[in-house]
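Enquirer: here's a sequence, model it:
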Amino acid sequence: MDNNPFGIAALWVQGDFVTRGVAALLLLMSIASWCVIALKAWRLVKLRRQARSAAHDFWHQRDFAAGLATLGDTKLDNPFRSLAEEGAESVAHHAQNKSDLHGALNVSDWVTSNLRRAIDDASQVMSSGMAILASVGSTAPFVGLFGTVWGIYHALVSIGVSGQAGIDKVAGPVGEALIMTAFGLAVAIPAVLGYNALTRGNKAVLAQLNRFAHDLHAYFVTGARVGSNTASSPVPQLNIVGAR
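Expert: Residues are numbered from 1 along each chain as shown. Okay, the predicted model is just below:
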């Protein structure tokens, strides 16, 4: 059993409701941020694997149905399959409903619009939960700072009540303040690093979705995939994905 009067256990036992509330809040923020980091990292690994399949396996099949089979069974968990299905459905819908208002658009513009919408939906899904990391990373240091200020206030009260500025009167409250500062930083730093790493990963996946969309657009409109030298360069006239 820890008998240290200035340790973390003593902080909880001797602290008032404000101190305990700040500590509990920082603990909840840490748990939330680590859950988001773990879930989004696992999801990002799956997306990268799906991106490799879309870039290679899909285009090496003999027909579109066989290509879809390489992208998984459901589009709910695979934005690349969702993109391919959205493109095929938009071509079929345009051909069957030329009397509608969208019939005034040529098939290229209609496919581009639907592919862009599918990528926007995928981007929203990938960015879900990132606000938690941003909020924790920006607010946790200030929550810890509040605990620090509260601990210093206790130290000053102890000095005022005793009339002496002895180390035994201020060591506990000052230690409490420093522990709260450390807690705030320990919660904020992983959240910020996780946010930056996941943001970079999501941008890379979005870039691969963009390239896949250009190839799909060429396939549905012309019947052939974009050439290797064309696929590696931007195609501004399609404007499938805007700058983010």
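
Enquirer: show me what contacts residue 122?
Expert: Each residue near residue 122 by CB atoms under 8 Å, 6 or more residues apart in numbering is listed here: 79, 82-83, 206, 209. Any C-beta I mention is one placed from the backbone N, CA and C, and that applies to glycine too.

Enquirer: got those residues as TSV, with neighbour count columns?
Expert: Putting those into TSV (neighbours: other CB atoms under 10 Å) gives the following:
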residue	neighbour count
79	27
82	21
83	25
206	19
209	26
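
Enquirer: among those residues, which are in strands?
Expert: Among those, none falls in strands (DSSP state E).

Enquirer: show me which of those residues is closest to residue 141.
Expert: residue 206 (30.0 Å; CB to CB).

Enquirer: the closest one reaches residue 124, doesn't it?
Expert: No - counting by CB atoms under 8 Å, residue 206 stays clear of residue 124, with 11.2 Å between them.

Enquirer: so where do the helices sit in the protein?
Expert: 8-14, 17-52, 64-69, 79-96, 107-127, 130-162, 167-222, 228-231 (DSSP state H).

Enquirer: so which of these gets nearest residue 58?
Expert: Across the helices of the chain, closest to residue 58 is helix 64-69 (CB to CB), at 4.4 Å.

Enquirer: so what's residue 186 up against?
Expert: residue 30.

Enquirer: now residue 199
Expert: Residues in contact with residue 199 (CB under 8 Å, 6+ apart) are residue 130.

Enquirer: try 6 Å this time
Expert: Residues counted as contacts of residue 199 (CB atoms under 6 Å, 6 or more residues apart in numbering): none.

Enquirer: could you do residue 220 as well?
Expert: 87, 91, 111.

Enquirer: check what pLDDT the residue lying closest to the second one once chain neighbours are set aside gets.
Expert: Sequence neighbours aside, residue 220 is the residue nearest to residue 91 in space, at 5.0 Å (criterion: CB to CB, 6 or more residues apart in numbering). Per-residue confidence (pLDDT) for residue 220: 83.

Enquirer: for the contacts of residue 122, work out which two are farthest apart.
Expert: 82 and 206 (13.7 Å).

Enquirer: how about low-confidence regions in the chain?
Expert: Of all residues in the chain, those with pLDDT under 70 make up the ranges 1-15, 73-76, 97-105, 158, 161-173, 223-244.

Enquirer: please convert the contacts of residue 220 to a markdown table, extending it with distance to residue 150 and neighbour count.
Expert: Putting the contacts of residue 220 into a markdown table (distance: CB to CB, whole Å; neighbours: other CB atoms under 10 Å) gives the following:
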| residue | distance to residue 150 | neighbour count |
| --- | --- | --- |
| 87 | 58 | 24 |
| 91 | 63 | 17 |
| 111 | 60 | 26 |
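
Enquirer: the residue nearest to residue 138 when sequence neighbours are not counted: what's it in contact with?
Expert: Among residues not flanking residue 138 along the chain, residue 188 sits closest, at 7.8 Å (CB to CB, 6+ apart). Contact partners of residue 188, counting by CB under 6 Å, 6+ apart, are 137, 140-141.

Enquirer: try residue 49
Expert: Residue 49 sits in contact with no residue, where contact means CB under 6 Å, 6+ apart.

Enquirer: go on, residue 134?
Expert: Taking CB under 6 Å, 6+ apart, one finds residue 195 in contact with residue 134.

Enquirer: can you give me the distance of the residue positioned nearest the centre of the chain to residue 121?
Expert: Centroid-nearest residue in the chain: residue 130, 3.8 Å away (criterion: CA atoms, centre = their mean). The gap separating residue 130 from residue 121 is 16 Å, by CB to CB, to the nearest Å.

Enquirer: ok, for residue 61, nearest residue in space, not its chain neighbours?
Expert: residue 67 (4.2 Å).
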